[in-house]
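Asker: Kindly return the folded structure for what I paste below:
(chains A and B)
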Amino acid sequence: MTLLLAAIGAAAGYLTAPEFALVGVAAALAIGIFLWVFVNTSGPKFILQISGAREATHEEDQMLHNVGHEVAIAAGVPMPKLYVIEDRAPNAFATGMDPRKGIICVTTGLLEKLDRDELQGVVAHEMAHIRNNDVRLMTTLALTVGLIVLLRDAFLRSRWRYGGGGRSRDGNQVLAILAILLLILAPVFATLLHFAVSRKREYMADATAVQFTRYPDGLARALEKIASDPDELEAANKATEPMYIVSPFQKFHEVSSALYSTHPPIRDRIRRLRAMGIEQRTGAPPWEKD
Amino acid sequence: MIPILILFGILVVLVLILFGMYNGLVRLRQETNNAWSQIDVQLKRRHDLIPNLVETVKGYMQYEQETLEKVIQARNHAVAAGNIREKAEAENALTRALGGLFALAENYPELKASENMLQLQEELRSTENKIAYARQYYNDVVTEYNTKLEQVPTNIIASMFSFKKRELFEIDAPEEREPVKVQFT
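Answerer: Predicted structure coming up:
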């Protein structure tokens, strides 16, 4: 992804004036670093504030706190901070750029509607995201995609101002055409890449969660309950969607792994988890049933 | 001139790789120590919860002195246990005593419904889970460590610097593999 970004910067710089190619790359990387630092320091606080979360205490949220601590022991990570959002829709997300300073957030709907094992499955999934450093990965990717789009827009506007051919007659014609193509298609590629990685990491988080709890049915039941719950999650919007355990905008009956969705189809996730459960109980994968 | 420089460069890279492997083994060994003490932390937590449990229950279960005494004795025995074998036996005895107490508590509906008791039960259930997860984590880390000790090329470093395998936490006595029989006599 970074290569793509650098290439965009180079292309944009090149097309304005051949000497500016390197400057383009440098500028793109500089903006990237600045945004990266900003997100690293204040990202999690910002997300918690716009979601209206309150910190969970052992006195008020005994079961949640205990469940979280148990999973932290199984995972071998320091206990993350737990937060609660007032919302009837059951859902959860994890944030925090450093695995040692993780943050897990659940809704009151989740606490009411799930039993202890199911809650533990969800918390384990979020803890898996923290341990696998997914938050940092996905944020970096999202930033890079954003930057690529920004650069593309900036370039288009500058071309408009300088008009057509004058400067590019100095450079190679073929390179110029390639640069234009790259600029047009890059945002599309970047976005598709972003979503593909997001889906893979969701599967991985499910599998890692089972590694922690050794109980796949807990998470499977939880996913079923969350996905078929009629309440709409009020706090969600397009920006925060990728972080939730079940996408607030995804329907239960969706079967295709649409290229533009951040989460894999829920049926698929449940199926994989149940298969792990069968394998665990009978010692053989489901396709080897006697 | 150049070939010597290249050779030197390769040597430096090799040494760095060796450092990396050694440090990796050290990190894993320390993590197994950490995981082992984590089990002790959870066991101690359980010991600390029991006096509180007995106090809460005493008021409601005045005629069950015998059972309460058993729990207290099992708990003191577990605190005093010395080596690993003694500890394992004492902890299992404590689990059985607690099981007996909770089975009895079923007969006292006011006790079962009280806030205090509910909270305590959740704490105890959580502690049992934490002990189990601590053992699980210990076994996971030890497995990773032992695997590294056997795999090439880290096994060379391991034998050079005498890294030893660690034992997995397993159930010793065959009776403990039997499912616990609950009797309501």
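Asker: so where's chain A shaky on pLDDT?
Answerer: A:1-26, A:28, A:36, A:39-44, A:154-172, A:234-243, A:247-261, A:284-290 (pLDDT under 70).
Asker: In it, which helix is the longest?
Answerer: helix A:173-213 (DSSP state H).
Asker: So which elements touch it?
Answerer: Under the contact definition 3 or more CB pairs under 8 Å, 6 or more residues apart in numbering or on different chains; DSSP states H and E, helix A:173-213 sits against helix A:2-16, helix A:62-75, helix A:116-131, helix A:134-162, helix A:216-227, helix A:266-282. Placement of C-beta: from N, CA and C, glycine included.
Asker: Show me what the shortest one is packed against.
Answerer: The one in question is helix A:216-227. Here helix A:216-227 touches helix A:116-131, helix A:173-213, helix A:266-282, going by 3+ CB pairs under 8 Å, 6+ apart.
Asker: what's the most buried one of the ones you listed?
Answerer: Among these, helix A:116-131 has the highest mean neighbour count (mean count of other CB atoms under 10 Å in any protein chain shown), at a mean of 25.
Asker: Also compute the angle for the helix or strand containing B:Pro3 relative to helix A:62-75, please.
Answerer: According to DSSP states H and E, B:Pro3 maps onto helix B:2-58. Interaxial angle of helix B:2-58 relative to helix A:62-75 (axes from the mean of the first three to the mean of the last three CA atoms, to 10 degrees): 140 degrees.
Asker: list the helices and strands helix B:2-58 packs on?
Answerer: helix B:65-80, helix B:84-105, helix B:115-150, helix B:154-160.
Asker: Between helix B:115-150 and that helix, find me the angle.
Answerer: 160 degrees.
Asker: model confidence over helix B:2-58, on average?
Answerer: Mean pLDDT, helix B:2-58: 90.
Asker: for that helix, the distance to its chain's centre please.
Answerer: 15 Å (CA atoms, centre = their mean, to the nearest Å).
Asker: Give me the angle between that helix and helix B:65-80.
Answerer: Using the same axes, to 10 degrees: helix B:2-58 against helix B:65-80 is 160 degrees.
Asker: For A:Thr107, grab phi and psi.
Answerer: Phi and psi for A:Thr107, reported as degrees, to the nearest 10, are phi -90, psi 160.
Asker: how many neighbours does it have?
Answerer: 26 (other CB atoms under 10 Å in any protein chain shown).
Asker: next one: the one 4 residues further on
Answerer: When neighbours are defined as other CB under 10 Å, A:Leu111 has 16 of them.
Asker: dump the residue contacts of it.
Answerer: A:61, A:63-64, A:84, A:119 (CB atoms under 8 Å, 6 or more residues apart in numbering or on different chains).
Asker: Can you add distance to B:Leu43 and give those back as TSV?
Answerer: Listed next are the contacts of A:Leu111 as TSV, based on distance: CB to CB, whole Å:
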residue	distance to B:Leu43
A:Asp61	25
A:Met63	22
A:Leu64	24
A:Val84	30
A:Leu119	25
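Asker: just curious, which of these is nearest to chain B?
Answerer: Chain B has its nearest neighbour among those in A:Met63, at 6.1 Å by CB to the nearest CB.
Asker: residues from chain A in reach of chain B?
Answerer: Within chain A, the positions adjacent to chain B are A:62-63, A:66-67, A:69-71, A:73-76, A:214 by CB under 8 Å from any CB of the partner chain.
Asker: From the residues you listed, list the buried ones, please.
Answerer: Using 16 or more other CB atoms under 10 Å in any protein chain shown as the burial test, the residues of chain A next to chain B include A:62-63, A:66-67, A:69-71, A:73-76 as buried.
Asker: Count the neighbours of B:Asp40 for me.
Answerer: 12.
Asker: next one: A:Gly218
Answerer: For A:Gly218, the neighbour count with other CB under 10 Å is 25.
Asker: I'd assumed A:Gln120 was in contact with it.
Answerer: Yes: contact criterion CB atoms under 8 Å: A:Gly218 and A:Gln120 qualify, at 5.8 Å.
Asker: For chain B, which residue occupies the most central location?
Answerer: In chain B, the centroid-proximal residue (CA atoms, centre = their mean) is B:Ile39; its distance is 3.0 Å.
Asker: From B:Tyr133, how far off is B:Phe169?
Answerer: 12 Å (CB to CB, to the nearest Å).
Asker: the more surrounded of the two?
Answerer: Taking neighbours as other CB under 10 Å, B:Phe169 and B:Tyr133 compare with B:Tyr133 leading, 24 against 17.
Asker: pretty sure that one contacts A:Ile73?
Answerer: Yes: using CB under 8 Å, B:Tyr133 makes contact with A:Ile73 at a distance of 4.5 Å.
Asker: to the chain's geometric centre, what's the distance from the longest helix of chain A?
Answerer: Distance, centroid of helix A:173-213 to centroid of chain: 11 Å (CA atoms, centre = their mean).
Asker: just stretch B:66-76 next, same as before
Answerer: 22 Å.
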